[in-house]
Structure formats: structure tokens, C-alpha cells
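1. kindly return the folded structure for what I paste below:
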Amino acid sequence: MEQDHQEMQLLSYSSTPHPLPWPGQSPSVDLQLSISVGGPSVEALKWEAAEQMRLAGVEKAYAEHVMEMSRREMEVAQTEFLRARSLWERAREEVQRAHKMRERAAGMEITCLSCRHKFRPTN
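-> Below is the predicted model of the structure:
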């Protein structure tokens, strides 16, 4: 019968996830000891959570700054693109005018006023 009693004690010890308190200790003392010895304290967890929140705030501020800088760069790029398009269109118009002048000049005789030689366009 003593053997059955020992097995019962072994079963009760092995079925509990944490060791039972020392004789004379209350369960709350054991709980406090298991928290401070077995893992991070509540204060450490609070500090870590506060630090993570602070870092998240810093990362959010940085992301907002990068987004604002990107928005400004997009505005500058759009302005430069519109300016480049306008210049390109003016250059295209100048080339078209030059082609029209060349076509008109092909049928005309142009004479130099100073030397009186006739101008002959090259193709």
C-alpha cells in the first residue's frame, strides 16, 4: 500500500507544470519567485513594450518623412516633365518651320546682296 501512495505522490508532482512551493511558503511567493527567476519581470516587460512603442513611433515618423520627401520629389519631377515637354514641342515646331522654309526656298532664287552670287541650297 505504501507503494501505491508513493506512486500517487509521483503522479501529483509530475502532473503539475510548476514545482510545488517549499514547505512554509505560500503559493503567491512561489509565483513571484517563478516570475522573477523563470523569465522577465513585469517591469521588464512593461519597459520592453514601451520601448517597442517608442521605436514604432520613430519608425512611423521616419516613414511619414520619407513619404513627404517622395511626394515633393514627384511634384518636382512632374514640373520638370511638363517643362521638358513644352521645350520639346517648341523645338518640334521650329524644325517644322525650318522644313517649310526650306521647301519654299527650293523654288526661289536667292542672291547674296554683297557679292551678287546666287545661293544654291545643298540637299
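2. now do the SS call for residue 115.
-> coil (DSSP: H, G, I helix; E, B strand; the rest coil).
3. count of neighbours near it?
-> The tally of other residues near residue 115 (other Cβ atoms under 10 Å) stands at 7. For every residue, glycine as well, the C-beta is placed using N, CA and C.
4. distance check, it against residue 106.
-> 22 Å (Cβ to Cβ, to the nearest Å).
5. now residue 59
-> Residue 59 is 69 Å from residue 106, by Cβ to Cβ.
6. could you do residue 58 as well?
-> 71 Å.
7. pLDDT score for residue 111?
-> What the model reports as pLDDT for residue 111 is 73.
8. same question for residue 78.
-> Note on residue 78: pLDDT of 98.
9. list the contacts for it?
-> By Cβ atoms under 8 Å, 6 or more residues apart in numbering, the contact set of residue 78 is empty.
10. could you check how far residue 70 is from residue 77?
-> On the measure of Cβ to Cβ, residue 70 and residue 77 end up 10 Å apart.
11. make that residue 50, sorry
-> Distance from residue 50 to residue 77, by Cβ to Cβ: 40 Å.
12. low-confidence regions, the protein specifically.
-> When residues are selected by pLDDT under 70, those of the chain lie in 1-39, 107-110, 116-123.
13. mind listing the helices for it?
-> Counting by DSSP state H, the chain has these helices, from start to end: 2-15, 27-38, 42-106.
14. tell me, how many residues neighbour residue 86?
-> Neighbour number of residue 86 under other Cβ under 10 Å is 10.
15. my read: residue 40 touches residue 49, true?
-> No: at 10.9 Å, residue 40 and residue 49 do not qualify as touching, with contact defined as Cβ atoms under 8 Å.
16. between these two, which contacts overlap?
-> Common neighbours of residue 40 and residue 49 (Cβ under 8 Å, 6+ apart) do not exist.
17. okay, now residue 43: neighbour count?
-> Neighbours of residue 43 using other Cβ under 10 Å come to 9.
18. measure it to residue 81 for me?
-> 56 Å.
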